[in-house]
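J.: Sequence and computational prediction follow.
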Amino acid sequence: MARVFSGIQPTGQLHVGNYLGAIRSWVAMQAEHDCVFSIVDLHAMTVPYDPAELPKRVLATAATLIGCGIDPERSVLYVQSHVREHTELCWILNCITPLGSLQRMTQFKDKAKQHQENVNAGLLNYPILQAADILLYKASLVPVGEDQVQHLELSRDLARRFNYLFGETFPEPQPHLTRAARVMALNDPTRKMSKSIPGSYVALTAPPDEIQSLIRRAVTDTGPRGEAMSPGVANLFTLLESFSAPETVAHFRTAYEQGTLRYVDLKQQLAEDMTKALAPIRERYLELMSRPGELREILAHGAQRARAIARETMEEVRAKTGLVLEASAASTVAPTA
């Protein structure tokens, strides 16, 4: 059974874009793969954050993932910082990573522009920690969107480089591309939906009235109608295809083609169907958040399972990189009388 690894940052509320782009495929992969899912809190430290809020966000992320269908008995669900082997392997991989490979990373350039006052070494080394996350569990499959393929390629390069320098150790992880359509921001459909931009997303745990309000205010046409569907309307149809019945989608597409579509009707239907689909996630989330002790136990159990795999990998890595002193009879000093 192939091992799958993926991680998600606890940097804000998980939204429908996260669900359609990644989490839904994670849930499906549990049936056929050995899955390891990490809440990557160390990655979240590369940009400014509130230390008092981080533990709350970790618990909220875990509760949301479980609400979506991640089964902590079937899959390994844990917090990255609770398995210290991540940072140990990251340092070893740091020592074999060419600096130029990091400086060429598109995401580093983008993040450096967004956080010009805090362009730290962690931001530059982020892809190495990501590679360590994957290689630590010897994952052969990594579900990714197209924007993450470059980082995964570095993981593959580092696996090859380590194997060449120290002996065959890591498999080269392969991408499992998610096929979900790209979900755009509700208030700016030319940009990707983001939890860092208020008003752009619908949280997976949002109450019904909030969903209604956000969908009602979603941007539709931004100018004179041409031959192509405007980005805002196309985004609403993307969401409709994900949350509504096929016959509902067909009805609204026909209305659009005939020029009889009323956006208010489209939005109302989408809001109703989205509310219905997200209700079980919200219910399970609220149930788990009301029992934080149980949630912490789930994550502690996941970390214990993750450590068992990580320790075995690092024992092999330490031996191959010369970080183990072998005991021998000749070097043993006999006690004096």
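T.: On my side now, so go ahead. Numbers count the residues shown, from 1 in each chain.
J.: now the strands: where do they sit in the stretch 51-200 of the chain?
T.: Taking DSSP state E, counting those that start in this stretch as the criterion, the stretch 51-200 of the chain carries its strands at 76-79, 141-144, 174-177.
J.: Show me what the first one is packed up against.
T.: Which is strand 76-79. The criterion is 3 or more C-beta pairs under 8 Å, 6 or more residues apart in numbering; DSSP states H and E, and the helices and strands that strand 76-79 contacts are strand 34-39, helix 54-68, helix 292-320. Where you see a C-beta, it was placed from the backbone N, CA and C, and this is true even at glycine.
J.: Tabulate those (JSON lines), appending distance to Arg74 and mean pLDDT.
T.: What follows is the helices and strands packed on strand 76-79, written out as JSON lines (distance: least, C-beta to C-beta, whole Å; pLDDT from 0 to 100):
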{"stretch": "strand 34-39", "distance to Arg74": "7", "mean pLDDT": "98"}
{"stretch": "helix 54-68", "distance to Arg74": "11", "mean pLDDT": "97"}
{"stretch": "helix 292-320", "distance to Arg74": "11", "mean pLDDT": "98"}
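J.: Out of those, flag the one nearest Leu135.
T.: Taking C-beta to C-beta as the criterion, helix 292-320 is the member of those that comes nearest to Leu135, at 7.8 Å.
J.: and the closest one, how far from the chain's centre?
T.: The chain centre lies 19 Å from the centre of helix 292-320; the measure is C-alpha atoms, centre = their mean, to the nearest Å.
J.: next one: stretch 242-252
T.: In terms of C-alpha atoms, centre = their mean, the gap separating the centre of stretch 242-252 from the centre of its chain is 28 Å.
J.: Need the residues that contact it.
T.: Contacts of stretch 242-252 with the rest of the structure, by C-beta atoms under 8 Å, 6 or more residues apart in numbering, involve 16, 20, 180-181, 237, 240-241, 261, 265-266, 269-270, 273-274, 277.
J.: can you check stretch 65-75 too?
T.: 8, 14, 19, 23-24, 26-27, 30, 35-37, 39, 77, 204-205, 280-285, 288, 298, 301-302.
J.: what number of residues lie near Cys95?
T.: The local packing count at Cys95 equals 9, with neighbours defined by other C-beta atoms under 10 Å.
J.: OK, contacts around it?
T.: When contacts are counted by C-beta under 8 Å, 6+ apart, Cys95 touches no other residue.
J.: That one and Leu165, how far apart?
T.: Using C-beta to C-beta, to the nearest Å, one obtains 10 Å as the distance from Cys95 to Leu165.
J.: repeat for Ala279
T.: Here Ala279 is placed at a distance of 52 Å from Leu165 (C-beta to C-beta).
J.: And for Thr11?
T.: 34 Å.
J.: How about Val264?
T.: 62 Å.
J.: I'd like to know how many residues surround Val58.
T.: Other residues within reach of Val58 by the criterion other C-beta under 10 Å amount to 23.
J.: can you pull the pLDDT of Ser194?
T.: In the predicted model, Ser194 carries a pLDDT score of 87.
J.: Can you list the residue ranges for helices in the stretch 201-337 of the chain?
T.: With DSSP state H, counting those that start in this stretch as the criterion, the stretch 201-337 of the chain has helices at 208-216, 231-243, 246-258, 263-289, 292-320.
J.: if you compare the ones you listed, which one is most tucked away?
T.: Of these, the one with the most neighbours on average (mean count of other C-beta atoms under 10 Å) is helix 231-243, at a mean of 20.
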